[in-house]
Structures are given as C-alpha cells and as structure tokens.
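1. model the structure of this input:
(chains A and B)
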Amino acid sequence: MLNFMENVPEIPLAEGTNWLIDRITETFSFIFEPIQNQFGDFMDNTADQLASIPPVIVILIIAILAFFASGKKFGLVAFSIIGLLLIYNQGLWEQLMFTLTLVLIASILSVIIGVPVGILMSKSRIAEAIITPILDFMQTMPAFVYLIPAVAFFSIGMVPGVFASLVFATPPTVRFTNLGIRQVSTELIEASEAFGSTGSQKLWKVEIPMAKSTIMAGINQTVMLSLSMVVIASMIGAPGLGRDVLSALQRAEAGTGFVAGIGIVILAIIIDRFTQSLNKSKA
Amino acid sequence: MPVIKVEDLSKVFGRNPERALKLLDEHKSKEEILEQTGNTVGVNRASFEVEEGEVFVIMGLSGSGKSTLVRLLNRLIEPTEGNVYIDDDNLATMNKEALRKIRREKMSMVFQRFALFPHRTVLSNAEFGLEIQGVDKAERKEKAEKSLELVGLGGYMNQAPGQLSGGMQQRVGLARALTNDPQVLLMDEAFSALDPLIRKEMQDELLDLQETMKKTIIFITHDLDEALRIGDRIALMKDGSIVQIGTPEDILVNPANDYVEKFVEDVDRSKVLTAENIMKRPETIDVEKHGPRVALERMREEGLSSIYVTDRKRNLKGYVTADDASTARQEDTRDINAILNTDVPTVSKETPLNEIFNQIYDSPVPIAVVEDEKLLGVIVRGAVIGALAGDSEVTTNDA
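-> Coordinates of the predicted model:
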C-alpha cells in the first residue's frame, strides 16, 4: 500500500495552476488592461473628489444622514461626528476617503453580482448545487492566495484590491439572497401564482419584497467583509487606512498601527449602522 | 351546464407515478402503493361536476387529499392524470399562457392562513389580482375598494394586514379574491384558522354574499358542521378518493359506507335534520263525521292522550284531548267542535330539529307539521330525542 502511494508521481497541481493563470492573463489581457486603466482611473478620481470636499461638509452630511437613518436619534450622529473628527485630527482623512471608495465600490459590485446569482440559485436546484461549493471555496481559501492572480490580472493598486474584495465579500449576499427567497412561505407563492402572476411578477412583487430583510442582512455582511479586506488589499498597493496599518506592522510601530486600526473600526461601525437601519426602516 | 367538470383526476407524488396508477387500477390501497413504489397517492380518480352558482364542499380529514384536489383545480399542483374542464376548456392540458389567463379571469383562491402580502396595505392586497393583469391604477383601486366595502372593511384600506385580527385578515383574503370578479371561487379551509365564533360569523357572511353574488364556490373543509352549514352539495374524501357526493341531508341520512357513517356520527344533527325527517303519519279524526265517542275510541286504540282533528281535505282544525273527550261523552255532547282546541303547536317541514326541540318541550301534545294548512304529520318527543341520538330507524323511516 505504502509502496503504491510512493509510486504515484506528484500531480503537478501548482504548475497547472500557474500555467492556467498565465494563459488567462495572456488571453484576457485585452479585457483586464482596460479595466485596470479605466476603472483604476475612475476610482482614483472618485477618491480624489471625495478628498477634495472640505472635511467639515462631509462630516456634516454624514451626521445628517445618520440622524435620519437612525430614526431621528442622536447616538449615531454623535458617534459619527466625534469619530470622523478624530480621524481628521490624526491626519488620516485622505486615507479614509480612499478606503471608503474602495469599500463602497467593492460592495456595490458585490451586490450587483451577488443578488442575481442568489436569485438564480433560489430558482434552480442545479444552480444551487454548482454554486454552493464555489462559494465555500471563495470564503475559505485564504485571502492572500488570490492576491497573487489578482496582481497578475490587474497589476497593483485599487483594482486588484476590489477584485480580491469581490471574491471574499460576495458570498454572503449570494447566500442570503438564496436563503431569503427560499424562505418565502409556500402559501404566499401559491397566492401569487393562483392570481396568475408570471415568473417575474412573482419575483418582483412577492419574493424580493418578502426576502428583502434577509437580503439586506447579507449585504450588511458583504460590506463588513469588504471593509475587513482593506488591510490585505493594501499589500497589493491599494491606498487607504490599510496601508498605514501595514506600514506600521512592517516598522513595528504599535501606536501608528492602532490609530489607523481605530479609523477602520470607526468607519466599520458607521457603515454597519447605516446598512442596518436601511433594513429596519423599510422592513 | 356545469361550470367545472372534473374527470378521473389523479395526483401521485413521487418518482414513478405510472406504476402507482396501475396499482390503483388493481384497487390497491394507498398504503400498499406507498410500500411497493414509494409513491404517495394524493388524489385518486376524482370525478364530479359543479353547477353554476353552487356551493360545493369538499370535505375530509387531514391527509384525505382535499387540499391537493383543490390545487389540482387551478393547477398549483400538476395533475398526474385526468381532466379539469372549466367552461369546456381543459385546464389540465392547456399551456401556461392559457392557464394564467384562467387564473386571472375565472378563478380566485382564498387560503387557509390568509396568505396576505405583509408588505402591502389592505387595499393593495385587494388590488393584487388586477395589478398583475395590468389594469390601470384608478380602475383597480375602485374595484378593490368596492370589494373591501362588500366584506365590511371599508375603514381599514390603508392598514397593514398584520394589524388586523384573523377574521378581518380573512375578509381581506376574500376581498382580494372577489376583486377579480371570478366565476369560480376556490376556498381552501378558508375559515379553519379562525376561532369558532368568528368562523360562524364568516360562514353566515359568505352565505349572505353568495345570495347576491351567485358565484360558483368550491369550499374545502375538515369540519362537517361547516360543510353542512354552507354546502349545497358535499363531496366526502378519504385516502384521496371521493367516497360520497350528495346534499347535506343525503350524507347524513344515507351514509354511503361505514366511513361516512362514522364521520357523521358526531355531527350536531339538530342543525341538519328537519321536521320532515322525523315526523310520523298522524292519527286523525274527521271533524264532520266523528264525535267525541269516536275520538276517545281511536285514542284508546292507539294509546294516545290526544288526537288531531282535520276536515275531509286534511286541513288542520285542532286537537282534542282524551280528558275532554271523556267528559263530553259523559255529558252526551255530540259535536266535536265543543271540545276542540285550536291553539295548535305547528312547524313547517323545513323547520330544523333544534328549533323543534324547544317547542316540543313546552307542548302538551305532539307538534303538527303543516303545509298550506294541511296536516302532513306529527312529531312526538321520542322522535326528536331519537334523531338527536342518531337513531337510524327514526331517520330512515321517513327519508
């Protein structure tokens, strides 16, 4: 038995993967390059634009939004103002804007991709059987591993950061969308069918509205996960708060690292409360 | 002409329905088929017709296939075999497009647990059917409002359904179904989730509405009292098969088999049986021919303490008691009119048993059943009690 196992030559899985990544990079470079250039420019511009708005105005807008999002209570407002002022005070404002851009764009793309895939999964048992293991793979494969092809495809900067974030953060939206739609009670489905709904009427008038709070919970998770990717993305050159954390790590400066980390936490809490209240107010 | 005609409609759940159908032909039971093929027989060759304006109740215990059967009628569940005709169109074989048209225009459904859309207001729930047909906003609002008014929910249009009580929610369910103005209303245990008082109220309301709407209603229930109350005809189901179809009275008085008999054993017969079912041929004397002497003789023969008096055409005149007759004989009175009691307790032949019950309790003499003044029969106390106890001898006597 042992002999038998010894005699089997090593399967060249690593080499095969390398070969595949190379082929993909070469073959699709006509897609990757324009994405990297145009999309990269677009993101840089967005971040610059955001950073060029006077911080006071940004803080004010966020405070007002927080006031309405939290149902006219002052807790979140106070937290947002104090938190953002602290970040500004620590000289991390520009980094914050880059991180915000990265997180927002990655989250929006995740939702744009994730919700339809989730709907597909909920409608077809075959699709569910195929997609579920892919989602497992995306979520459990260590994030550093897919930084490598990300760089191969998109070079360094914000774009591969978004790519890595998409891989890591999309699964919750897909899963929760699927779950939410499958959980709509059979009687409601029957009711919509008994009145002669078409498939898309059923989806838009019954299933999505009924599944909305579950889908929103998934989106909230997606946003949080993509925020947790900012440090990792900074390893491949994505600018923002993550980069400060990374450089603090490399220089063993606990203080600087802590301050940048606090910045991420503050942003995370604000975004989390925003997305959650979006869910509550409409559910 | 029937609105709905169901022919040999079957549903087998599982992987190998053909084999199960073959076994059904061999009269194998549901359990045997499950054991041999792993398939569950939902509905086994149901056939019936429902007439325009009829309330047709399908009733059975849980697991009898009644909910499956009603879903086969609008194809929420695909039939394995058989036909469902609605106005000559075969619903079982038509394409999706045509099916949708039927569901939109001819059939609506009311659900057991209401199945209201919680994210919509009461009004917008009621509009749902028309909304998916693409009817314009003003028109569908007007129609939805009208049907909500009809079920007495005019003041609740903008509430969320979750804020309403169960009975009110089901009114919304009913209004939603009525907004489409369907020909056929499918009601799947529509009142079963309501508490008994509200249920009764809803049954009455449905019957009131039905007076004016004259819809064809197919009503599913597991509650025999409910079936008897609202059904024009009742189909009884067991193990996926229809075991008997008949009017409420048919089913009570002539149960087709032991199963039906057992089922009806518990029913409150007082609401269903009428005077006609329990009355007896009356002993009478003729007011023109007979005097107190004959009356007394006749009573003695029959062991009665009173006797009814009619004229030659059997028109009811009154009754005489044995005491009065014997006094009259002693005084040598010849005219029966002298001792005639005209204060006669009467009922018609449609009077239900529970009303007779109160009346007979206070009455010194048997109750007369009359129609157009004519004496049809009499009801004695024993017959009422016998019928309530389900004594088949009493009931089948006069059926």
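2. got the CA positions of the helix or strand encompassing B:Gly386 in CSV?
-> B:Gly386 is located in helix B:381-388, with elements delineated by DSSP states H and E. C-alpha atoms of helix B:381-388 as CSV (Å, rounded to 0.1, in the frame of the first residue of the first chain):
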residue,chain,number,x,y,z
ARG,B,381,-91.0,13.9,21.8
GLY,B,382,-89.4,10.5,21.4
ALA,B,383,-88.7,11.0,17.7
VAL,B,384,-86.8,14.2,18.4
ILE,B,385,-84.6,12.6,21.0
GLY,B,386,-84.1,9.6,18.8
ALA,B,387,-83.0,11.6,15.9
LEU,B,388,-80.6,13.6,18.1
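3. so which bits of the stretch 1-150 of chain B are right by chain A?
-> Taking C-beta under 8 Å from any C-beta of the partner chain as the criterion, the stretch 1-150 of chain B approaches chain A at residues B:71, B:74, B:76, B:100-105, B:107-109, B:111-113, B:115-119, B:128-129, B:131-133. The C-beta positions use only the backbone N, C-alpha and C, and glycine is treated the same way.
4. out of these, which are inside helices?
-> Assigned to helices by DSSP state H, the following of those qualify: B:Arg71, B:Arg100, B:Lys101, B:Ile102, B:Arg103, B:Arg104, B:Glu105, B:Phe128, B:Gly129, B:Glu131, B:Ile132, B:Gln133.
5. not counting its neighbours along the chain, what's nearest the fifth one?
-> Ranked by C-beta to C-beta, 6 or more residues apart in numbering or on different chains and with sequence neighbours excluded, the top spatial neighbour of B:Arg103 is A:Gly196, at 3.7 Å.
6. identify the residues contacting stretch B:146-166?
-> For stretch B:146-166, the surrounding residues in contact (C-beta atoms under 8 Å, 6 or more residues apart in numbering or on different chains) are B:114, B:116-118, B:120-123, B:125-126, B:145, B:168-169, B:171-172, B:174-176, B:178-179, B:193-195, B:198, B:205, B:209.
7. same check on stretch A:237-244?
-> So stretch A:237-244 is contacted by A:47, A:92, A:95-96, A:98-99, A:101-102, A:156-158, A:160-161, A:230-234, A:256-257, A:259-260, A:263-264, A:267 (C-beta under 8 Å, 6+ apart).
8. any weak-confidence spans in the chain?
-> Unless you meant another one, I'm taking chain A. Residues of chain A meeting the criterion pLDDT under 70: A:1-2, A:281-283.
9. correction: the question concerned chain B.
-> Using pLDDT under 70, chain B drops low at B:266, B:268, B:271, B:389-399.
10. quick one: list the elements packing against the longest helix along it.
-> Counting residues, the longest helix in chain B under DSSP H turns out to be helix B:196-213. Under the contact criterion of 3 or more C-beta pairs under 8 Å, 6 or more residues apart in numbering or on different chains; DSSP states H and E, helix B:196-213 touches helix B:166-179, helix B:224-230.
11. list the contacts for the closest residue in space to A:Phe195 that isn't next to it in sequence?
-> Of all residues beyond its chain neighbours, the one nearest A:Phe195 is B:Gly129 (4.4 Å), with distances taken as C-beta to C-beta, 6+ apart. Shown in contact with B:Gly129 (C-beta under 8 Å, 6+ apart): A:Phe195, A:Gly196, B:Arg104, B:Ser108, B:Arg176, B:Ala177, B:Thr179, B:Asn180.
12. surely the last one is in contact with B:Lys101?
-> Right, the one you point to is B:Asn180. No. Counting by C-beta atoms under 8 Å, B:Asn180 stays clear of B:Lys101, with 11.9 Å between them.
13. between those two, which has more neighbouring residues?
-> Ranked by neighbour count (other C-beta atoms under 10 Å in any protein chain shown), B:Asn180 and B:Lys101 place B:Asn180 first, with 27 against 15.
14. not counting its neighbours along the chain, what's nearest the more buried one?
-> Using C-beta to C-beta, 6+ apart, the closest residue to B:Asn180 is B:Gly129 (4.1 Å).
15. the residue in chain A that chain B sits nearest to: what secondary structure?
-> Nearest to chain B, among the residues of chain A, is A:Gly196, at 3.5 Å (C-beta to the nearest C-beta). Following DSSP: H, G, I helix; E, B strand; the rest coil, we place A:Gly196 in the coil state.
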